[in-house]
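Engineer: sequence and predicted structure, then a few things I'm wondering about:
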Amino acid sequence: MKNTGTLKVNTPTDREIVMTRVFDAPRRMVFDAFSKPELLKRWFGPWGWCLVVCDVDLRVGGGFRFVMRGPDGREMGMRGVYREIVAPERSVHMESFDDYPGESQVTAVFAEQRGKTTLTATVLYPSKEVRDAVIKSGMEHGAAESYDKLAELLASPEAGSTEKASG
């Protein structure tokens, strides 16, 4: 499945990828979906993939560890460390994948207007070569599918009850 057009992807500099997506949900719900393991397990990863390891320590200096498993049984792991958290507005973390070189910085900004949240995720890579390798890996399609799954989750009745429970 390709990007259906709901995810906008730009490369404003030689080392950056900027992804923008609007979700029909308040930013607290969207932020929670990016930071709570019980929600991440329900949407993170492309269609057919599941999150078999999802550990999150959401605090500056804390980190996360994810392992996704594909339909063919292949696993892909990633980890990161949080540098800044201003819930539910913004987070900054360092991120690396087990099977790919380099570490990137991800800045996520959650802006709400009239009950909808625009997520702008800016990924800064160590070099143009690493950024270009990520683009060639199919990252855009995987991110688009993953965000489509998140949009479905946010539209479900269970997502609303999670938001009420969290404040």
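Structural biologist: On my side now, so go ahead.

Engineer: C50 against P71, yeah?
Structural biologist: No - the pair C50 / P71 is not scored as a contact, 9.1 Å apart, by Cβ atoms under 8 Å. To be clear about C-beta, it is placed using only N, CA and C from the backbone, and glycine gets the same treatment.

Engineer: quick check: neighbours shared by those two?
Structural biologist: Overlap between the contact sets of C50 and P71, as judged by Cβ atoms under 8 Å, 6 or more residues apart in numbering, is nil.

Engineer: do a quick rundown of the helices in this structure.
Structural biologist: Under the criterion DSSP state H, the chain contains helices at 27-35, 37-43, 128-136, 139-155, 157-166.

Engineer: make a markdown table out of the ones you listed and add mean pLDDT.
Structural biologist: Shown next, in a markdown table, are those (pLDDT from 0 to 100):
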| stretch | mean pLDDT |
| --- | --- |
| helix 27-35 | 97 |
| helix 37-43 | 97 |
| helix 128-136 | 92 |
| helix 139-155 | 95 |
| helix 157-166 | 55 |
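
Engineer: circling back: between C50 and P71, which has more neighbouring residues?
Structural biologist: Neighbour count, other Cβ atoms under 10 Å: between C50 and P71, C50 has more, with 14 against 10.

Engineer: with adjacent residues omitted, what lies nearest to the more buried one?
Structural biologist: Leaving aside its sequence neighbours, C50 sits nearest to R69 (Cβ to Cβ, 6 or more residues apart in numbering; 5.6 Å).

Engineer: tally up the residues packed near that neighbour, please.
Structural biologist: 16.

Engineer: circling back: can you tell which of the helices of the chain is closest to R83?
Structural biologist: helix 27-35 (14.3 Å; Cβ to Cβ).

Engineer: could you give the angle of that closest one to helix 139-155?
Structural biologist: If you take axes from the mean of the first three to the mean of the last three Cα atoms, to 10 degrees, helix 27-35 sits at 130 degrees to helix 139-155.

Engineer: wait, doesn't E89 sit right on A108?
Structural biologist: No - in this structure, E89 is not within contact of A108 by Cβ under 8 Å, at 9.5 Å.

Engineer: who has more neighbours out of the two?
Structural biologist: A direct count of neighbours by other Cβ under 10 Å for E89 and A108 places A108 higher, at 19 against 14.
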